[in-house]
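> here is a sequence with its predicted model. Questions after.
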Amino acid sequence: MKIQTALIFGLLIAIGASPLSAQSGDALKTNRHFKIKKPAHLTAPEAMSVYDNVSEQMIKGYAVSQDPTAKNFGAWRRYNSATHGNRYVNNYGNAVARGYDKRKPGDKLPVGAILAKDSFTVTSVRSVFAGALFLMEKLEAGKSPSTGDWRYQMIMPDGSLFGDSQGTGASEVAFCHGCHAAKADRDFLFYIPKKFRIKFLD
């Protein structure tokens, strides 16, 4: 399968493509994750091949934000090999989050743990679109009770900030915690399916 790996940055709907099904009435606001109506169905090796070809360019786009995490997460440990769906995502964690893939219900990550999840989509006509970078940072106890002491950020492929639960556009990323609240017993974190986890010796 041949994939066109040239990335098209920015919100898809803003450039005339119409496969988004996650929009509110405003083209620049979202109710949930972006989805492609007619995605390509890639095998795990195909998805990782695409990612290997575009990840550096994606990171450069996020880095325009000047956010330290957006600039550096690519050097962190990656916890998954590939994921399937309308979007393909890769999960990273900083050194403080080390071992988060082995946590059990009731376990909590320490203050300063940061998880980063970049994303991309591939359409049925084999175009690759960079998606948003989602960040979660564990805050000090009591810092943000309404979000379980997690800070959520969403950075777009061109480096623009879509929202920060502790700052600009907080209401725009409220849906992040709304989703993660379903896993309150797991420190508001979802498990990576076992078949997609990378096994580490430490």
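Happy to help now that I have it. Since the structure is predicted, the reported quantities are computational estimates derived from the model, not experimental observations. Residues are numbered from 1 along each chain as shown.
> quick check: closest non-adjacent residue to the residue most central in space within the chain.
Centroid-nearest residue in the chain, with C-alpha atoms, centre = their mean: K117, separated by 3.0 Å. Nearest non-adjacent residue to K117, counting by C-beta to C-beta, 6 or more residues apart in numbering: F134, 4.5 Å away. Glycine gets a C-beta too; all of them are placed from N, C-alpha and C.
> ok, back up a step: and the host helix or strand of the residue nearest to the centre of the chain, what does it pack against?
If you go by DSSP states H and E, K117 is part of strand 114-122. Where contact means 3 or more C-beta pairs under 8 Å, 6 or more residues apart in numbering; DSSP states H and E, strand 114-122 is packed against helix 44-63, helix 68-72, strand 88-93, strand 127-130, strand 133-138.
> switch the cut-off to 7 Å
helix 44-63, strand 88-93, strand 127-130, strand 133-138 (3 or more C-beta pairs under 7 Å, 6 or more residues apart in numbering; DSSP states H and E).
> how far off helix 44-63 does it point, in degrees?
120 degrees (axes from the mean of the first three to the mean of the last three C-alpha atoms, to 10 degrees).
> Y79 contacts N90, correct?
No. In this structure, Y79 is not within contact of N90 by C-beta atoms under 7 Å, at 8.3 Å.
> more crowded one of these two?
More crowded of Y79 and N90, by other C-beta atoms under 10 Å: N90, with 23 against 20.
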